[in-house]
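**Q** no sequence on this one, just coordinates:
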């Protein structure tokens, strides 16, 4: 009986309440606003969520591992600035559209390198990831300002910004990239040794060590992955705007962590999955889009999001209390 | 540590009669060395502070002038006062990321109300409103026992929205900055010392005494150190946690009054990012994010280090944002050395 409940759709929904929430707000906005239920708008939502979504994929890995990365917003800004600046260098002037390539490559490399730096520090020094990435959040942002000299960059090559608004078949290219990455990370997490070990390390580190799992390299790889995705998000974002500002990505870490937590990933590590994270990302995307269409001022969206985050936490506490009776007072 | 071991290993190699004495001497030297590394580990933050001061003083002749020192401390006072409150929360085993947006809210409130109901009532209302926000944090973390990181992250966003709703997105300012005693807090002097420094100092002394010498402070340490053990020894955990958030909110209100009085106006996002600087100060002060350890006066040092680094780098002619890079390195080094001293080896033993 219990087994049947676990595998039934209802049981699935109890484990992923966020998808129930998505259905609810989807139905609500469909009736409340005439412009919401349209293919064009759905494409819009996908593109809007792809930036936060990409980072959230990487953040899910890091958080399952029991760590956290606060520096993603700054990495987004650094990647965007690098990407736009380098493709405009005089050296690549004769490359035509291929000049975009070194820009993108440099951005992604920087992201992976910063992720590796964070991961290496967490691994080798044993300092808490929260502190390490808090420092990196300040430091990388400083790096961005020093590098850009507080200037915005603009893409001179219009095919770069055209890429951001192009379509691949029925879907926007950026949404396709996001969905492909989501499937890839889901596969990595659910079907590979690295994924399984990540859960083990996050769930019980000393047990993982005793089982012969090398904790450090897994953390390092996951930090590199989140760095890569943050940089990729920076590239797609700069391609959407055709520009990069040094303040880009401010507060992104908040949005990303909010959506990952909404998706049911625990801060302590050891549990969570990409299906949940997709739910969290989409829930925030649909909420922002729907409230925008209904002309709710942006201020209220902030308040509502904060309250939803806390409400989900409360709900989660109620649902998952079993077996963990704590002392009150 | 490693050095100590090396030395005592080398000592028995000395010739026989002197051997015992040598070994004894080695033990003593080892002890002394251990004591030195112990002091370094415990007071590393002070040593680093002294090194920074000496370095900057050698690099710039204006750095050590009384004027400069006063202006650095005055500029650090706002972050410093908030850091005191956050230290209490962190010692209690929780985090408070909402102080930055709370500062925006309180500053906008006190500046806006100043012209409407007068300075006195404005300060009173602001303190009460800020305490209410702190109480929300306290109930959610203390009573409902939610994860403090996520709760205060949510509150960060919610209070940001609240500020914008209150002000309608417009900046606020005080119409006549010269004709009000409200200017005392940010611009005035008490006995020739700038008021922000006086307030910062007083707050630090009061909180230090409360944390170090009263049962109340001991309860906070106990709760942060081991919540279960604290509950078993009869401490009401939820009340203690609740009160830590009230303290942090109160310090934010004080900081808001100083900031509002200093600027005589406020933007809606004036406190954005302050939570990071505040946390950086607290961490530099050696307070463990796991709770249960840390002291108020070291937080003061941590905040001052940040202030002097910022000031020193500017005086040496670096760009403003270079200080963030330096802060990055300093934070990680400080915590790393602290941990390394505790475990007795530099690198983490995990594979």
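**A** Here it is on my side, so go on. The model shown is predicted, which means the values in this text are computed figures rather than measured ones.
**Q** all strands of the stretch 151-300 of chain B, in order?
**A** Listed in chain order, the strands found in the stretch 151-300 of chain B under DSSP state E, counting those that start in this stretch are B:172-173, B:189-190, B:193-194, B:265-266.
**Q** among the ones you listed, which is nearest chain A?
**A** Taking C-beta to the nearest C-beta as the measure, the strands of the stretch 151-300 of chain B were each checked against chain A, and strand B:172-173 came out nearest at 15.1 Å. To be clear about C-beta, it is placed using only N, CA and C from the backbone, and glycine gets the same treatment.
**Q** can you confirm whether that closest one lies near chain A?
**A** No: applying C-beta under 8 Å from any C-beta of the partner chain, one finds strand B:172-173 separated from chain A by no less than 15.1 Å.
**Q** could you do stretch B:127-140 as well?
**A** Yes: contact between stretch B:127-140 and chain A, assessed by C-beta under 8 Å from any C-beta, occurs at residue B:140.
**Q** can you give me the buried ones in that stretch?
**A** Buried residues in stretch B:127-140, counted by 16 or more other C-beta atoms under 10 Å in any protein chain shown: B:127, B:129, B:130, B:131, B:133, B:134, B:136, B:137, B:138, B:139, B:140.
**Q** again, but for stretch A:264-277
**A** A:264, A:265, A:266, A:267, A:269, A:270, A:272, A:273, A:274, A:275, A:276, A:277.
**Q** out of these, which touch chain B?
**A** Restricting the buried residues of stretch A:264-277 to those near chain B by C-beta under 8 Å from any C-beta leaves residue A:267.
**Q** residue B:78 touches residue B:257, doesn't it?
**A** No: Residue B:78 lies out of contact with residue B:257 (C-beta atoms under 8 Å); the separation is 9.9 Å.
**Q** list the contacts for residue A:286?
**A** Shown in contact with residue A:286 (C-beta atoms under 8 Å, 6 or more residues apart in numbering or on different chains): A:22, A:25, A:26, A:29, A:45.
**Q** turn those residues into JSON lines, columns for neighbour count, pLDDT and distance to chain B.
**A** Shown next, in JSON lines, are these (neighbours: other C-beta atoms under 10 Å in any protein chain shown; pLDDT from 0 to 100; distance: C-beta to the nearest C-beta, whole Å):
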{"residue": "A:22", "neighbour count": "19", "pLDDT": "88", "distance to chain B": "19"}
{"residue": "A:25", "neighbour count": "17", "pLDDT": "88", "distance to chain B": "18"}
{"residue": "A:26", "neighbour count": "16", "pLDDT": "89", "distance to chain B": "23"}
{"residue": "A:29", "neighbour count": "20", "pLDDT": "89", "distance to chain B": "20"}
{"residue": "A:45", "neighbour count": "17", "pLDDT": "89", "distance to chain B": "20"}
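**Q** sitting in helices, which of those residues do you find?
**A** Per DSSP state H, helices hold the following members of the contacts of residue A:286: A:22, A:25, A:26, A:29, A:45.
**Q** helix or strand for the closest residue in space to the fourth one that isn't next to it in sequence, just tell me which one.
**A** For residue A:29, ignoring the flanking residues on the chain, the nearest one in space by C-beta to C-beta, 6 or more residues apart in numbering or on different chains is residue A:290 at 3.7 Å. Per DSSP states H and E, residue A:290 falls inside helix A:274-293.
**Q** run the chain-centre distance for that helix.
**A** 12 Å (C-alpha atoms, centre = their mean, to the nearest Å).
**Q** tell me the mean pLDDT for that helix?
**A** For helix A:274-293, mean pLDDT rounds to 90.
**Q** same thing with stretch A:144-162?
**A** Stretch A:144-162 comes out with an average pLDDT of 84.
**Q** how about it: buried residues?
**A** Neighbour-count burial for stretch A:144-162 [16+ other C-beta under 10 Å]: A:144, A:145, A:146, A:147, A:148, A:153, A:155, A:157, A:160, A:161.
**Q** also stretch A:23-36?
**A** A:25, A:26, A:29, A:33, A:36.
**Q** thinking again about what came up before, of the ones in helices among the contacts of residue A:286, which is the nearest to residue B:198?
**A** Taking C-beta to C-beta as the measure, residue A:25 is the one of these closest to residue B:198, at 51.6 Å.
**Q** what residues are up against that closest one?
**A** Counting by C-beta under 8 Å, 6+ apart, residue A:25 touches A:283, A:286, A:287, A:290.
**Q** with chain B as the reference, measure out to the last one.
**A** Taking C-beta to the nearest C-beta, to the nearest Å as the measure, residue A:290 and chain B are separated by 17 Å.
**Q** my guess is that residue meets residue A:33, correct?
**A** Yes: using C-beta under 8 Å, residue A:290 is in contact with residue A:33, at 6.6 Å.
**Q** low-confidence ranges in the stretch 101-250 of chain A?
**A** Scanning the stretch 101-250 of chain A for pLDDT under 70 picks out no residues.
**Q** residues of it that sit close to chain B?
**A** Counting by C-beta under 8 Å from any C-beta, the stretch 101-250 of chain A sits next to chain B at A:121, A:123-128, A:130-132, A:134-143, A:145-146, A:205, A:209, A:214-216, A:250.
**Q** try it again with 7 Å
**A** Neighbours of chain B within the stretch 101-250 of chain A, by C-beta under 7 Å from any C-beta of the partner chain: A:121, A:123-128, A:130-132, A:134-139, A:141-143, A:145-146, A:209, A:214-216.
**Q** filter those down to the buried ones and hand me the ChimeraX line.
**A** A single ChimeraX command is used to select the members of those judged buried by 16+ other C-beta under 10 Å:
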select /A:121,123,125,126,127,128,130,131,132,134,135,136,137,138,139,141,142,143,145,146,209,215,216
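**Q** which stretch of helix or strand covers the residue of the stretch 151-300 of chain A found nearest chain B?
**A** Going by C-beta to the nearest C-beta, chain B is nearest to residue A:299 of the stretch 151-300 of chain A, at 3.7 Å. For residue A:299, the host element (DSSP H and E) is helix A:298-319.
**Q** and the angle from that helix to helix A:274-293?
**A** Interaxial angle of helix A:298-319 relative to helix A:274-293 (axes from the mean of the first three to the mean of the last three C-alpha atoms, to 10 degrees): 150 degrees.
**Q** check the offset of helix A:298-319 from the chain's centre.
**A** Taking mean C-alpha positions (C-alpha atoms, centre = their mean), helix A:298-319 and its chain are 18 Å apart.
**Q** who's in contact with that helix?
**A** A:17, A:258, A:261-262, A:288, A:291, B:140, B:144, B:146-147, B:150-151, B:153-155, B:157-158, B:160-162, B:164-165 (C-beta atoms under 7 Å, 6 or more residues apart in numbering or on different chains).
**Q** same check on stretch A:197-211?
**A** A:61, A:64-66, A:213, A:215, A:218-219, A:222, A:269-270, B:350-351.
**Q** what distance separates that stretch from the centre of its chain?
**A** Relative to its parent chain, stretch A:197-211 has a centroid offset of 24 Å by C-alpha atoms, centre = their mean.
**Q** now swap in stretch A:159-166 and tell me
**A** 22 Å.
**Q** top of the contacts of stretch A:197-211 by neighbour count?
**A** residue A:61 (31 neighbours; other C-beta atoms under 10 Å in any protein chain shown).
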